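K.L.:
Return a 3D structure for these sequence lines:
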Amino acid sequence: MTLDELPQGRMARLAAIDWSALVPEEAERLRALGFDTGAEVRLAYRGVLFGRDPLAIEIGRMTVALRRVHARAMHVEQPAESATA
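P.N.:
Presented below is the predicted three-dimensional model:
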C-alpha cells in the first residue's frame, strides 16, 4: 500500500520510495527530512477538501505536511499485529 492509503493514526514503515516519480529538488528535501526506506511514519491527519490534501505525516519527532502525489510515491508496510494468547 502507498502512504496516502494508510489508515489515519496507523504506524507504518517506509518499504520503498519511487524517487523518480518526484521532482529532484522535492526528493532531496524529503530525504533531508528523514523520508527514506526503513523510516517509521504515522498518518496523523488527512485534509478534508477536494483531493484531501495535505496529509500530515509524523516522522520521528516532526509532523510534515505532504501532498498526496508525494505520498503515492512511498510504499509502506504496517507492522504485524501482535498475537495475544
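
K.L.:
quick one: low-confidence parts of the chain?
P.N.:
The model of the chain has pLDDT under 70 over residues 80-85.

K.L.:
Which residue ranges of the protein form strands?
P.N.:
Listed in chain order, the strands of the chain (DSSP state E) span 11-17, 40-46, 55-59, 62-66, 74-77.

K.L.:
Which strands or helices does the fourth one pack on?
P.N.:
Strand 62-66 makes packing contacts with strand 55-59 when contacts are defined by 3 or more Cβ pairs under 8 Å, 6 or more residues apart in numbering; DSSP states H and E. The way it works is simple: take the backbone N, C-alpha and C, and place the C-beta from them, glycine included.

K.L.:
partner strands of the strand it packs on, parallel or antiparallel?
P.N.:
strand 40-46 (antiparallel), strand 62-66 (antiparallel) (DSSP bridges).

K.L.:
right, and these - which one's nearest residue 11?
P.N.:
strand 40-46 (5.0 Å; Cβ to Cβ).

K.L.:
thinking in terms of the whole chain, how far from its middle is that closest one?
P.N.:
Chain-centre distance of strand 40-46: 7 Å, with Cα atoms, centre = their mean, to the nearest Å.
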